[in-house]
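Asks: build me a model:
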Amino acid sequence: MNAERQSPLFMPAIFVGGLVFGLGLAISGMARPEVVLDFLQFDDFGLVFVMGGAAVVTGVTFFVATNFLDRAPLTATEYTRRVKEFDRNVVVGGVIFGVGWGISGICPGAAYASIGIGNYPILWAIAGMFLGAYAQGFARSHLTNGTSD
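Replies: Residues are numbered from 1 along each chain as shown. Next comes the predicted model:
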């Protein structure tokens, strides 16, 4: 990203967006692991409506932005498609994410919002996320570089 062309509102917009996201998770109840676990056990389908609403807002935003704007307003970067391969890493990552979500009852974004509503035991799940991310980065760098240090 070109820092010279970046709007001074870039970082405040990210901060406000994070606050709105966290507040939305807290108000909707999705920052409580028991709500998510009820969904995964087919006892409560409220999460479907929250995710569906988020998908609609995201879809409309992307449609409007890419069809009526030539550049992103806050970064001045051109809109492009980022196409990635569907490979083994995507499958393995998705499985690990899903298992972690099922065990903890919370996804990474909601975990931070969960701290905000006083769910401090979720810090164990966050520690697991950091440990898993570090282990993945360590393994990938060693497999890519061919070193066995």
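
Asks: how close does Cys107 get to Thr80?
Replies: Per CB to CB, to the nearest Å, Cys107 is found 27 Å from Thr80. The C-beta positions use only the backbone N, C-alpha and C, and glycine is treated the same way.

Asks: so which residue is dead centre in the chain?
Replies: In the chain, the residue lying closest to the centroid (CA atoms, centre = their mean) is Gly109, at 5.4 Å.

Asks: kindly provide the distance from it to Thr66.
Replies: Using CB to CB, Gly109 is found at 24 Å from Thr66.

Asks: ok, now Tyr79?
Replies: Distance from Tyr79 to Thr66, by CB to CB: 5 Å.

Asks: go on, Met129?
Replies: Where Thr66 is concerned, Met129 sits at a distance of 31 Å (CB to CB).

Asks: neighbour count for the two, which is higher?
Replies: Met129 (18 against 13; other CB atoms under 10 Å).

Asks: was I right to think that one contacts Ala111?
Replies: Yes - when contacts are counted by CB atoms under 8 Å, Met129 is listed as touching Ala111 (7.0 Å).

Asks: low-confidence stretches in this structure?
Replies: Where the chain drops to pLDDT under 70, the residues are 1-4, 145-149.

Asks: helices of that one, residue ranges please.
Replies: For the chain, the helices defined by DSSP state H cover 10-28, 33-40, 46-68, 88-104, 108-116, 123-145.

Asks: which stretch among these comes nearest Leu74?
Replies: Closest to Leu74 of the helices of the chain, according to CB to CB: helix 10-28, at 4.6 Å.

Asks: need the CA coordinates for the closest one. CSV is fine.
Replies: Output of helix 10-28 as CSV, limited to C-alpha atoms (Å, rounded to 0.1, in the frame of the first residue of the first chain):
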residue,chain,number,x,y,z
PHE,A,10,-7.4,5.3,7.3
MET,A,11,-6.4,4.3,10.9
PRO,A,12,-9.4,6.0,12.6
ALA,A,13,-11.7,4.3,10.2
ILE,A,14,-10.2,0.9,11.0
PHE,A,15,-10.5,1.7,14.7
VAL,A,16,-14.2,2.7,14.4
GLY,A,17,-14.9,-0.3,12.2
GLY,A,18,-13.4,-2.6,14.8
LEU,A,19,-15.5,-1.0,17.5
VAL,A,20,-18.7,-1.3,15.5
PHE,A,21,-17.8,-4.9,14.7
GLY,A,22,-17.2,-5.8,18.3
LEU,A,23,-20.3,-3.9,19.5
GLY,A,24,-22.4,-5.8,16.9
LEU,A,25,-21.0,-9.1,18.1
ALA,A,26,-21.7,-8.2,21.7
ILE,A,27,-25.3,-6.9,21.0
SER,A,28,-26.1,-9.9,18.8
